[in-house]
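next input, structure requested:
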Amino acid sequence: MADITLEEIDQKQVWEDFILTRPEANFLQSWNWGVFHQQLGKQVLRIGLKQAGQLVGGAICIKETAKRGTYLSIAGGPLLNWQDPAQVKFFFEALNERARQLGCVFVRIRPQELDQPVLRQTVATLGFQESPMHLTADLTLQLDLTKTEEELLAGMRKNTRYEVRSSEKEGILVRESRNPEDIKLFYEHQVALAKKHNFVPFSYEFLSKQFETFVADNQVILFHSYKDEQLLASAFILFYQGEAVYHYGISTPANDRLPGSYACQWAAIKWAKANGGRRYNFWGIAPEDQPEHRFAGVSLFKRGFGGEEVPYLPAQDLSMHWSYGATRLFETVRRKMRKL
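Below you'll find the predicted structure:
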């Protein structure tokens, strides 16, 4: 279409101004999410869709290089008017051409759109099929921060409310930190938890570069809970577009018999509310009908705080090469092994 063009956006303010017009957008499509991945050595494309000279859509695309095949990923996007077939068609035709030029085996997206039949039909028409792996959290738990603290407490499960109040009676203190040096200890405790619960931890580079990138714009904060100066738990909170996201968390052996994790969450919720947050996102949760899911335990903890379960369209893949079949088989097996 003559009045629609696709071009790379190289100015941070231009991109962030566009994001402000998209209430569904979260940190996964922020300028800094791209910077973070560039810090990891990845190629990042910030593609803008312009119509009549105005930026009306776009996506931060990350080229992922893996043994199972190079692919282009778009987490939390693309940000489009999905009800405009011409816009959607133009965007994906242009994106697919760029992906081929980059030597990608497939394109993986997880739009920041609710999981609805009409959207599934739209992406299927474009040639996508549901991915065997998550790209980012599909089923999330979100808390409305426009409620009063009393309403938030009343919305919790009885046991969770008890633990929150017990943390205050126990004299558990929660401290805020924006010090990148804290990530080293956070990482060490994450590794210990990974060994205990048999999962693959994030690398120190992944956590530290992410924190350093977002803290530069005051978009991330750590909450640490202590009992008698002994660390109990920590929460890594991203704050963007009026939404606080509980992205990562750790606990220590000292937390096993103390409500340090509850204290961290309640402190983060109150902080987000006091700083103009409209929503607290506990991030990914496992479906309640999957008790064997690896995240079933932490999901039970999160659900105790109340909130609404929000399901987004699961990750979708567009095959661009015959070798995608082998990738799909490998990831399907790995997902089952990891109980995801």
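
can you show me the strands along this protein?
4-8, 43-51, 54-64, 71-75, 106-110, 129-130, 139-144, 173-177, 220-227, 230-240, 243-251, 279-284, 308-311, 316-319 (DSSP state E).

residues in contact with the second one?
Think strand 43-51. Residues external to strand 43-51 that are found in contact with it (C-beta atoms under 8 Å, 6 or more residues apart in numbering): 3-10, 14-15, 18, 31, 34-35, 37-38, 55-63, 72, 78, 80, 87, 90-91, 94-95, 98, 102. Placement of C-beta: from N, CA and C, glycine included.

let's see 7 Å
With C-beta atoms under 7 Å, 6 or more residues apart in numbering as the test, strand 43-51 has contacts from 3-9, 15, 34, 37-38, 55-63, 87, 91, 95, 98.

with the third one instead?
Defining contact as C-beta under 7 Å, 6+ apart, one finds that strand 54-64 is touched by 9, 18, 29, 33-34, 37, 42-50, 70-74, 77-81, 87, 91, 102.

write a ChimeraX command that selects only the buried members of these.
Of these, the buried ones go into a single ChimeraX selection, burial set by 16 or more other C-beta atoms under 10 Å:
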select :9,18,29,33,34,37,44,45,46,47,48,49,50,70,71,72,73,74,77,78,79,80,87,91
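
quick check: buried residues in the worst-scoring helix or strand of the chain on mean pLDDT?
Among the helices and strands of the chain, helix 324-337 carries the lowest confidence by mean pLDDT, DSSP states H and E, at a mean of 79. The neighbour-count check on helix 324-337 (16+ other C-beta under 10 Å) flags Tyr324, Thr327, Arg328, Phe330, Glu331 as buried.

follow-up on the earlier one: and of the strands of the chain, who's closest to Gln290?
strand 139-144 (10.2 Å; C-beta to C-beta).

and the closest one, how far out from the chain's middle?
12 Å (C-alpha atoms, centre = their mean, to the nearest Å).

can you check stretch 254-265 too?
Worked out by C-alpha atoms, centre = their mean, stretch 254-265 lies 23 Å from the chain centre.

sorry, back to before: neighbouring contacts of the least confident helix or strand of the chain?
Against helix 324-337 from outside (C-beta under 7 Å, 6+ apart): Arg68, Gly69, Val105, Phe106, Pro132, Met133.

now the third one: closest residue in space that isn't a chain neighbour?
When the adjacent residues along the chain are set aside, Val105 lies closest to Gly69, with 3.6 Å between them (C-beta to C-beta, 6 or more residues apart in numbering).

dump the residue contacts of the one you found.
Counted by C-beta under 7 Å, 6+ apart, Gly69 has contacts Val105, Phe106, Ser323, Tyr324, Thr327.

what pLDDT does it get?
Gly69 is assigned 83 on the pLDDT scale.

next one: Gly171
Gly171 is given a pLDDT of 93.

for it, give me phi and psi.
phi 80, psi 30 (degrees, to the nearest 10).

burial check on it, number of neighbours?
Number of residues near Gly171 (other C-beta atoms under 10 Å) recorded here: 9.

residues near the closest residue to it other than its chain neighbours, how many?
Nearest non-adjacent residue to Gly171, counting by C-beta to C-beta, 6+ apart: Lys227, 7.0 Å away. Other residues near Lys227 come to 18 when the count uses other C-beta under 10 Å.

quick check: Lys227 touching Leu258?
Yes - Lys227 lies in contact with Leu258 (C-beta atoms under 7 Å); the separation is 5.7 Å.

now do the shared contacts for the two.
Contacts common to Lys227 and Leu258, judged by C-beta under 7 Å, 6+ apart, are Glu170, Ile172.

what mean pLDDT does stretch 86-97 get?
93.

buried stuff in it?
Quick answer for stretch 86-97 (16+ other C-beta under 10 Å): Gln87, Val88, Phe90, Phe91, Phe92, Ala94, Leu95, Asn96.

which residues does the fourth one contact?
I take that to be Phe91. Per C-beta under 7 Å, 6+ apart, neighbours of Phe91: Leu6, Leu49, Gly57, Pro78, Leu80.

reformat those as JSON lines; add pLDDT.
Formatted as JSON lines, those follow (pLDDT from 0 to 100):
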{"residue": "Leu6", "pLDDT": "89"}
{"residue": "Leu49", "pLDDT": "93"}
{"residue": "Gly57", "pLDDT": "94"}
{"residue": "Pro78", "pLDDT": "97"}
{"residue": "Leu80", "pLDDT": "95"}
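
that older thread, columns distance to Lys158 on top of the strands of the chain, output as CSV?
What follows is the strands of the chain, written out as CSV (distance: least, C-beta to C-beta, whole Å):
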stretch, distance to Lys158
strand 4-8, 52
strand 43-51, 46
strand 54-64, 42
strand 71-75, 36
strand 106-110, 35
strand 129-130, 37
strand 139-144, 17
strand 173-177, 22
strand 220-227, 21
strand 230-240, 21
strand 243-251, 22
strand 279-284, 18
strand 308-311, 19
strand 316-319, 39
